[in-house]
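Undergrad: just need the structure, nothing else, for what follows:
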Amino acid sequence: MKILLFGGAFDPPHNGHLSILKEAAQYTEFDKIIVMPTGTPTHKKGCMVPFDVRHYMAQLAFGNVDSDVEISDYEGTNLKDDYTYLTLRHLKEKYDNADIFMLIGSDSLFSIDSWKNSPEILANCTPVVFARKTGVEQEIYDKIAQLRAQGANAVYIPYKVIDVSSSGFRGGQHSDSVLPQAVDAVIDEYHLYDDNETKRLQGTAKLLAKIMLDEKRYIHTLNVEKLAAELGTIYHLDVDKLRIAALLHDILKHTSYDILLHRAGASGIINRIKDKPKQTLHGFAAADYAEKELGITDEDILWSVRSHTCGRNGMTDMEKVIYLADMLCEGRKFESRDYLLSLARKNLDLAMYKALVHSVEWIKSKGNEIDTDSLEALEYFKTLTDNCKEEKYE
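TA: Reported below is the predicted structural model:
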């Protein structure tokens, strides 16, 4: 079995990527072509957009190159370092020691000796090389000869160099004409590379919600965003931050349990990780995702995402808004929803206390475990509202 592997950050994928893949696909009759966006690149700074968006753009860009093309999510979901030698090990095991050809640029060829475990890489694949710039053809031949003298192999594909790069697009040196039409459309619609950070984060978060959640959960997310913005306006909070937090709060709702555990543990804010009920982990994991994948460092946003499932002692007003918006937005149907919503528009602390009472009672009725953070939050808000006479708790 012959496999062509094409890895890269694809931040974003451009017509140069597409052109060289089509060219390389003609080198021999491949049984399978695997396009593999990197997870967290080990050889360069982190990507501007998160893995799931780059994977989605790769599907748009390369999905129709050949009927046997697979856009792999392996390096973004394997919970391990994404070194090339590990990826090749994985592919060798998965495809019964297949013959792997790895498409790389000339710059990568020249530096391949410095890659981690490079002898293993060269033993497990044949680099298929294209020139990244003009005037390097002889240097490519010399390097291939050196590799062959060492018992490795590589092949060179003569190719008309296209002067385009992802970094050039991000830096404004290239227009959107260098992108596949579908990629350009999604970048434009969701402001994925906008200079305005708020617009970029909101757009990216909305696209993530659309591609990572099912339709019902996506609509719920938009409803949470709408109510969070309304409550934020009432209480003079930063509505832009609330929108970002609302769009990200359930982003990992459909993620596998092992990834939830990994990200929740990596967040560094759970002392009782093994004691957490499964249903509460996605908020903590989503906060880690927001920080690691989107580069969000704003604690208002991160804590609002973390605490939306169970609350906590000492919640900020932004946290309260996201918690209540998640519980009370359009589409939620339970008997006291309208009463709690009217209360949320008048007094956040009173609404939080009543909402937590309802939540704890509902969880008990289902026979599920109550998170200790919820119990601590309930006691905290009870203390805050003990002397409040605005509402009676019926």
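Undergrad: how about the contacts made by Asp184?
TA: Asp184 is in contact with Asp176, counting by Cβ atoms under 8 Å, 6 or more residues apart in numbering. Glycine gets a C-beta too; all of them are placed from N, C-alpha and C.
Undergrad: which element is it on?
TA: If you go by DSSP states H and E, Asp184 is part of helix 181-190.
Undergrad: got the buried residues for that helix?
TA: For helix 181-190, a neighbour-count test (16 or more other Cβ atoms under 10 Å) marks Val183, Asp184, Val186, Ile187, Tyr190 as buried.
Undergrad: turn those residues into CSV, columns for distance to Ser165.
TA: Listed next are these as CSV, based on distance: Cβ to Cβ, whole Å:
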residue, distance to Ser165
Val183, 15
Asp184, 16
Val186, 19
Ile187, 16
Tyr190, 22
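Undergrad: run a quick neighbour tally on Lys80.
TA: When counting by other Cβ atoms under 10 Å, one arrives at 12 neighbours for Lys80.
Undergrad: pretty sure it sits against Leu86.
TA: Yes. Assessed by Cβ atoms under 8 Å, Lys80 is found in contact with Leu86 at 6.4 Å.
Undergrad: quick one, what contacts Glu225?
TA: Counting by Cβ under 8 Å, 6+ apart, the residues that Glu225 touches are Leu242, Arg243, Ala246, Leu247, Ala325.
Undergrad: that one and Asp300: what is the separation?
TA: Separation of Glu225 from Asp300 (Cβ to Cβ, to the nearest Å): 16 Å.
Undergrad: got it, and Ser336?
TA: Taken as Cβ to Cβ, the span from Ser336 to Asp300 is 28 Å.
Undergrad: and Thr385, by the same measure?
TA: Counting by Cβ to Cβ, the separation of Thr385 from Asp300 is 23 Å.
Undergrad: please apply the same query to Lys199.
TA: From Lys199 to Asp300 the distance is 18 Å (Cβ to Cβ).
Undergrad: with Phe51 instead?
TA: With Cβ to Cβ as the criterion, Phe51 and Asp300 are 25 Å apart.
Undergrad: could you do Ala145 as well?
TA: Distance, Ala145 to Asp300, using Cβ to Cβ: 58 Å.
Undergrad: between the two, which one's more packed in?
TA: Asp300 (19 against 11).
Undergrad: re earlier: which strands or helices does the next helix or strand after the helix holding Asp184 pack on?
TA: As assigned by DSSP H and E, the chain's next helix or strand after helix 181-190 is helix 197-212. Packing partners of helix 197-212 (3 or more Cβ pairs under 8 Å, 6 or more residues apart in numbering; DSSP states H and E): helix 51-62, helix 181-190, helix 215-234, helix 239-248, helix 281-294.
Undergrad: closest one to Ala9 among those?
TA: Of all these, it is helix 51-62 that lies closest to Ala9, at 6.8 Å by Cβ to Cβ.
Undergrad: quick one: mean pLDDT for the closest one?
TA: For helix 51-62, the mean pLDDT works out to 96.
Undergrad: mind checking what helix or strand follows that helix in sequence?
TA: That would be, after helix 51-62 and using DSSP H and E, strand 69-71.
Undergrad: can you list contacts of the helix or strand that that next one is followed by?
TA: Beyond strand 69-71 on the C-terminal side, the first helix or strand identified by DSSP H and E is helix 74-77. Helix 74-77 has contacts (Cβ under 8 Å, 6+ apart) with Gly7, Met36, Pro37, Thr38, Gly39, Phe51, Asp52, His55, Asp82, Thr87, His90, Ile259.
Undergrad: of the residues you listed, which belong to helices?
TA: Phe51, Asp52, His55, Thr87, His90, Ile259 (DSSP state H).
Undergrad: so which of these wins on neighbours?
TA: Neighbour-wise, the ones in helices among the contacts of helix 74-77 (other Cβ under 10 Å) top out at Thr87, 27 neighbours.
Undergrad: tell me the pLDDT of that one.
TA: 94.
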